[in-house]
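K.L.:
Turn this into a model:
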Amino acid sequence: MDPQRITSDGGSSSYYILPEGAKELGDLIEFKEMDFNLGNIFKACYRLGEKNDPLYEINKMEWFVARLKAHYLRKTQK
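P.N.:
Predicted coordinates:
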């Protein structure tokens, strides 16, 4: 078992607790130290359904997921 892996007992987990003073998505993105791609995926997920065409945000998520995946693959192949 990976010692870095977070396990759950089925209760509330600390990573769901909002940081003190967080008032907008940018605060959460900074707190979690998300990179550009992950931050944009997070924002697009939050906005999903707010525009007339949900595919707009879904396509945006797919594009940023592809970039994020390519980034992680480059990091692991070094």
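K.L.:
which strands and helices sit next to the longest helix along the chain?
P.N.:
As assigned by DSSP state H, the longest helix anywhere in the chain is helix 54-76. When contacts are defined as 3 or more CB pairs under 8 Å, 6 or more residues apart in numbering; DSSP states H and E, helix 54-76 sits against helix 36-47. The C-beta positions use only the backbone N, C-alpha and C, and glycine is treated the same way.
K.L.:
Using neighbour counts, pick out the buried residues of the longest helix of the chain.
P.N.:
For helix 54-76, the buried set under the neighbour-count rule, 16 or more other CB atoms under 10 Å, comprises Glu57, Lys60, Met61, Phe64, Arg67, Leu68.
K.L.:
And what about the closest residue to Leu28 other than its chain neighbours, helix, strand or coil?
P.N.:
Distances taken as CB to CB, 6 or more residues apart in numbering place Ala22 nearest to Leu28, at 5.7 Å, with adjacent residues excluded. Going by DSSP: H, G, I helix; E, B strand; the rest coil, the secondary structure assigned to Ala22 is coil.
K.L.:
ok, Leu25 - contacts?
P.N.:
Contacts for Leu25 (CB atoms under 8 Å, 6 or more residues apart in numbering) come out as Phe42, Lys43, Tyr46.
K.L.:
Look up how far Leu73 lies from it.
P.N.:
Plainly put, Leu25 is 27 Å away from Leu73 if you go by CB to CB, to the nearest Å.
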